[in-house]
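Asks: no letters, just coordinates:
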């Protein structure tokens, strides 16, 4: 028999509904929130409709509690906190990702409670967990440097930008190849589909910058990205504005090159360059431009030559430029919302 929700679970779900509705009312698109948070778009629309019809009370759960849980409320809270804060390897598991089998084993080790895989899956869903592709982080990443960036460096940069009436951008570079494919395709069960493609791969590089106001600036370049190309991009970034630009980048060699530093110094403050902590791409909202372009656009097209690739990439980026709400959503992820 399927059990009902505990009180804490019901309150957690109600809180999530209220937060999502408030974000929609504040101007975020339900489609963007659905993609970011993993809820069906129809569900978000239903929550908004219920709220408009009956206020916050309409978002509350109405179902009664079911049969008693195998786990207490305190034990359930411990599981949720552990899955969020601990890597499985820290608890002597052989695999680095949390699976239902490992969560089941964790529960048995800690509380001596045996649960079926289906029950573990239901528990994880009730706690608000979903199956997701993890972000990869380098072992060299320094958590102290990241914390200092979030609590000291970035707030200082933002305060300086506001005082100088400057424009803040996060910038990055990425390459894209003609043989990149994203997504899934339908095929007969048990027969892995094959995507036919030319063996003549072509590629191009993209430089872009985004602001929390939904502005996207970009440049597409065939060939490598060195200091000269980065300086060319900076010149384009300055075009049309007299306000100082506060530009946040990673430690790419083109950003730290002597040629780049000399160019920045020659601008007398028109561009001020700041560096993210090492090995921290998740802190850069501009990284999400590549996911949007590669996974939702270029990665689903068939491309034959360099000219076609460059044309399609430019078109995809221009379309994204006309979707400021999507660009703003890049600043709403758990690791990037600090930059809003």
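Replies: Everything's here; your move. Since the model is a prediction, treat every value here as computed from it, not as a measurement. Numbering: from 1, shown residues only.
Asks: touching, residue 48 and residue 21? I think so.
Replies: Yes: with contact defined as Cβ atoms under 8 Å, residue 48 and residue 21 form a contacting pair (5.5 Å). In short, each C-beta sits where N, CA and C put it, glycine included.
Asks: more neighbours, those two?
Replies: Legend: neighbour count by other Cβ atoms under 10 Å for residue 48 and residue 21, higher for residue 21 (22 against 17).
Asks: and the more buried one, its phi and psi?
Replies: Dihedral pair for residue 21: phi -60, psi -40, per degrees, to the nearest 10.
Asks: these two touch, right, it and residue 49?
Replies: No: in this structure, residue 21 is not within contact of residue 49 by Cβ under 8 Å, at 9.8 Å.
Asks: what is the burial count for residue 250?
Replies: 21.
Asks: all helices for this structure, in order.
Replies: Ranges of helices within the chain are 7-25, 30-37, 41-54, 73-85, 100-111, 117-126, 143-148, 154-163, 227-238, 253-256, 258-266, 287-296, 306-321, 324-329, based on DSSP state H.
Asks: and those: which comes nearest residue 174?
Replies: Of all those, helix 287-296 sits nearest to residue 174, with 4.4 Å by Cβ to Cβ.
Asks: so what touches the closest one?
Replies: For helix 287-296, the external contacting residues (Cβ atoms under 8 Å, 6 or more residues apart in numbering) are 172, 174, 176, 180, 182-183, 206, 208, 210, 216, 218, 281, 313, 316-317, 320, 326-327, 330, 333, 336.
Asks: domain map for this protein?
Replies: Per the record, the chain has its domains at 7-126, 143-183+196-339, by automatic domain parsing.
Asks: and the ones you listed, which is most packed in?
Replies: domain 143-183+196-339 (a mean of 17; mean count of other Cβ atoms under 10 Å).
Asks: so for it, mean pLDDT?
Replies: The predicted model assigns domain 143-183+196-339 a mean pLDDT of 89.
Asks: and stretch 19-38, by the same measure?
Replies: 88.
Asks: ok, the closest residue to residue 284 other than its chain neighbours - contacts?
Replies: Counting by Cβ to Cβ, 6 or more residues apart in numbering, residue 284 lies nearest to residue 170, which is 5.3 Å off, once chain neighbours are set aside. Neighbour list for residue 170: 209, 210, 211, 247, 248, 249, 284, 285, 286, 339 [criterion: Cβ under 8 Å, 6+ apart].
Asks: now residue 130: how far from residue 121?
Replies: 11 Å (Cβ to Cβ, to the nearest Å).
Asks: ok, residue 222 to residue 176 distance?
Replies: Residue 222 is 11 Å from residue 176, by Cβ to Cβ.
Asks: between the two, what contacts are shared?
Replies: In contact with both residue 222 and residue 176: 204, 205, using Cβ under 8 Å, 6+ apart.
Asks: could I get the helices of the chain as CSV with distance to residue 275?
Replies: As requested, the helices of the chain are exported to CSV (distance: least, Cβ to Cβ, whole Å):
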stretch, distance to residue 275
helix 7-25, 31
helix 30-37, 27
helix 41-54, 37
helix 73-85, 28
helix 100-111, 37
helix 117-126, 38
helix 143-148, 11
helix 154-163, 11
helix 227-238, 13
helix 253-256, 7
helix 258-266, 12
helix 287-296, 15
helix 306-321, 25
helix 324-329, 22
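Asks: so which of the ones you listed comes closest to residue 202?
Replies: Short answer: helix 306-321, nearest of these by Cβ to Cβ, at 4.1 Å.
Asks: residues in contact with that closest one?
Replies: Counting by Cβ under 8 Å, 6+ apart, 176, 178, 202-204, 206, 208, 216, 218, 220, 222, 289, 292-293, 297-298, 301, 303, 326-327 sit against helix 306-321.
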